[in-house]
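A.B. asks: sequence first, then the predicted structure, then my questions.
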Amino acid sequence: MAIQTQVPAAARLAGALTAAQGLAGIAFAVALVFRAFGGAESTGKVLGEAGYFTVLCAGVLAAGVGLVLGKRWARTPSIVVQLLLLGVAWYMYGPSGQQLVGSLIGLYSVVVVVLLFTAPVREWTLGLDEPDAEE
């Protein structure tokens with residue numbers, strides 16, 4: 001029987017930050033639904049967009065909750081989401097001309113990536129902190 005190891009605080013914090021991103025995306029999807037029923041010219045397209053964002057952000061939320069609960073599988077999807085958001089931040093900072101928003105999104109994503117690449121989180125993810133790993 002495997003012994004449950006202590007989940008590093010950095011992993012839990014990164015999970016909470018990732019879950020917050022998922023919740024923000026779901027809130028955006030809810031706003032789209034209100035827009036669709038509030039007189040949008042093409043209700044079907046807006047509802048489809050809301051459904052798409054709901055599915056994507058539910059996955060982000062699941063990865064964040066997984067990290068908070070100590071599930072090792074959730075680290076990789078969280079890293080992928082942050083790397084994708086770094087691309088969004090780059091675009092917002094440069095071609096889009098929204099330097100403040102781009103900087104904030106980029107900083108947020110970098111913080112999460114750094115938390116997920118700290119030594120305790122890497123060791124926990126690989127199972128190197130378990131007592132059986134030393135034998």
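C.D. replies: That came in fine, so what should we check first?

A.B. asks: every contact and neighbour count from this point should use C-alpha atoms.
C.D. replies: Will do.

A.B. asks: just give the nearest non-adjacent residue to the spatially most central residue of the chain, would you?
C.D. replies: By C-alpha atoms, centre = their mean, the chain has its centre lying nearest to residue 18, at 3.3 Å. Spatial nearest neighbour of residue 18, chain neighbours left out: residue 64 (4.7 Å); criterion: C-alpha to C-alpha, 6 or more residues apart in numbering.

A.B. asks: what's the helix or strand for that neighbour?
C.D. replies: Using DSSP states H and E, residue 64 maps to helix 43-68.

A.B. asks: which strands and helices sit next to that helix?
C.D. replies: helix 9-37, helix 75-93 (3 or more C-alpha pairs under 8 Å, 6 or more residues apart in numbering; DSSP states H and E).

A.B. asks: that helix to helix 75-93, inter-axis angle?
C.D. replies: With axes from the mean of the first three to the mean of the last three C-alpha atoms, to 10 degrees applied, the angle from helix 43-68 to helix 75-93 works out at 130 degrees.

A.B. asks: and helix 43-68, which residues are buried?
C.D. replies: 43, 46-47, 50-51, 53-54, 57-68 (16 or more other C-alpha atoms under 10 Å).

A.B. asks: next, the angle helix 9-37 makes with it.
C.D. replies: Using the same axes, to 10 degrees: helix 43-68 against helix 9-37 is 170 degrees.

A.B. asks: report the mean confidence score over helix 43-68.
C.D. replies: Mean pLDDT, helix 43-68: 96.

A.B. asks: check contacts around residue 129.
C.D. replies: Contact partners of residue 129, counting by C-alpha atoms under 8 Å, 6 or more residues apart in numbering, are 5, 123.

A.B. asks: may I have the secondary structure class of it?
C.D. replies: Here residue 129 is coil, with the state taken from DSSP: H, G, I helix; E, B strand; the rest coil.

A.B. asks: for residue 6, same thing?
C.D. replies: coil.

A.B. asks: over to it: give its phi and psi.
C.D. replies: When read as degrees, to the nearest 10, the backbone of residue 6 gives phi -70, psi 130.
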